[in-house]
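Asker: let me see the structure of the following:
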Amino acid sequence: MVKSKVYIYTKTFDGLPKEGDLVIKEEDLPPIKDGEFLAEAIYLSVDPYMRAYASRVPLGAPYIGSQVAKIIESKNPDYPMGRHVSGYFGWRSHTVSNGKPVTLGFSSTPAPILLPVVKDVPPSYFLGILGMPGNTAYFGFLEICQPKKGETVVVSGAAGAVGSVVGQIAKIKGCTVIGIAGSEEKGKWLLDELGFDHFINYKTADLDKALSQVAPKGVDCYFDNVGGETTITILKHMNELGRISVCGTISSYNEKDGRILFELFSLVSKQIKMEGFLVHRWSDRYTEGVQQNLKWLQEGKLKTRETVTEGFENMIKAFVEMLQGKNFGKAVVKV
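Answerer: Got it, this is the predicted structure:
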């Protein structure tokens, strides 16, 4: 009988998650039945949404999240033994799945995806640039912002898994790209390796003045990963008929009162479109995003970086450090 280690959500988060809020327990998995497969986690993902939706996860339930796993036993021909699969199995080391969507914590999740074998592409990339974050960047930016060549694009959280891809796609589309992040080291990466045109360190610069200097003609598209005061400031610099894609509000995820109020009249006076989204809106086009990002990756037009934490027992550490913005690109845990 196979044992699985599982993180159980035992105590409601108060600010940043802490040791003890999530507790590792062991459970015995039953033998697989016809139509099922057994998967062993290889890489687990940590993402901002896991904190944003914490209040919806029942206490006593396995914690939510996706992973790349290796199929170690199978009685399902669609999921052959030895292949890799990505699925929303939660924070667990082993999973028995029938290949169908399941309810995890509070909502239904997409069905597990059998990963293609792509030369020189690590399986972990299917949690990042070739997975949910990559598709979030692809669809959330192109479908909502609809960038045009020559426009000015601002990306907050620009050194994260989603923001770093958004900025590069904006460059592919011929835009001027301004990235906002919280360290000079991240800024150097954005400018020197990813090809961003400008970088603003929100921790040390006056964002309002800096935007006036690097975007003197205003901002056409804003991809918002952080919310809060950053978004309030950028709103003042938006041009008429500007577009804002609201992906996340990580600046408030750990606050007891995450509300932020701002003057909405500029949305009216400048006729700005501000739209939030969940990437599952484009689930029927999921393969399109993965294939296009893979093509750009293979052509050298997209680059990626991972922050890898070793050890299943270090999930909480990796989770907290990601929420604190210590990661470059995608944050994953190698089991």
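Asker: now do the contacts for Gly65.
Answerer: For Gly65, the set of contacting residues under the criterion of CB atoms under 8 Å, 6 or more residues apart in numbering consists of 44-47, 50, 88-91. Quick note: C-beta positions are derived from backbone N, CA and C, even for glycine.
Asker: kindly recompute the last result at 10 Å.
Answerer: 7, 44-47, 49-50, 88-92, 104-105, 127, 315, 319, 333 (CB atoms under 10 Å, 6 or more residues apart in numbering).
Asker: domain-wise, how is the protein divided?
Answerer: Domain ranges of the chain: 2-127+305-334, 132-279, per automatic domain parsing.
Asker: most tightly packed of these?
Answerer: Between those, domain 132-279 has the highest mean count of neighbours, a mean of 19, where neighbours are mean count of other CB atoms under 10 Å.
Asker: now the terminal residues of it, how far apart.
Answerer: Counting by CA to CA, to the nearest Å, you get 7 Å between the two ends of domain 132-279.
Asker: what's the offset of it from the middle of its chain?
Answerer: With CA atoms, centre = their mean, to the nearest Å as the basis, domain 132-279 stands 15 Å off its chain's centre.
Asker: and if you look at stretch 289-305?
Answerer: With CA atoms, centre = their mean, you get 16 Å for stretch 289-305.
Asker: got the buried residues for that stretch?
Answerer: By neighbour count on 16 or more other CB atoms under 10 Å, the buried set for stretch 289-305 is 289-290, 292-294, 296-297, 302-305.
Asker: from those, pick the one nearest Lys186.
Answerer: Arg305 (10.3 Å; CB to CB).
Asker: OK, contacts around that closest one?
Answerer: Arg305 sits next to 128-129, 159, 161, 164, 189, 193-194, 327-330 when contact means CB under 10 Å, 6+ apart.
Asker: please flag which of those sit within strands.
Answerer: Where the contacts of Arg305 overlap with strands, as defined by DSSP state E, the overlap consists of Lys330.
Asker: can you redo the contacts of Arg305 as a markdown table with distance to Val279?
Answerer: Supplementary listing: those in a markdown table, determined by distance: CB to CB, whole Å:
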| residue | distance to Val279 |
| --- | --- |
| Gly128 | 13 |
| Ile129 | 14 |
| Ala159 | 20 |
| Ala161 | 12 |
| Ser164 | 16 |
| Trp189 | 24 |
| Glu193 | 25 |
| Leu194 | 21 |
| Asn327 | 19 |
| Phe328 | 21 |
| Gly329 | 17 |
| Lys330 | 15 |
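Asker: and the residue nearest in space to the middle of the chain, what element?
Answerer: Central residue of the chain (CA atoms, centre = their mean): Pro133, 4.0 Å from the mean position. Taking DSSP states H and E as the criterion, Pro133 maps to helix 132-142.
Asker: I'd like to know which elements that helix is packed against.
Answerer: strand 152-156, helix 163-172, strand 219-224, strand 238-246, helix 286-298, strand 330-334 (3 or more CB pairs under 10 Å, 6 or more residues apart in numbering; DSSP states H and E).
Asker: ok and the first one relative to helix 132-142, angle-wise?
Answerer: Read it as strand 152-156. Relative orientation of strand 152-156 and helix 132-142, computed by axes from the mean of the first three to the mean of the last three CA atoms, to 10 degrees: 150 degrees.
Asker: listing partners with orientation, what would you give for strand 152-156?
Answerer: strand 176-181 (parallel), strand 219-224 (parallel) (DSSP bridges).
Asker: the last one versus helix 163-172: what angle between them?
Answerer: In terms of direction (the same axes, to 10 degrees), strand 219-224 departs from helix 163-172 by 160 degrees.
Asker: just after strand 219-224, pick out the following helix or strand.
Answerer: Using DSSP H and E, the next helix or strand after strand 219-224 towards the C-terminus is helix 228-235.
Asker: alright, that wraps it up for me.
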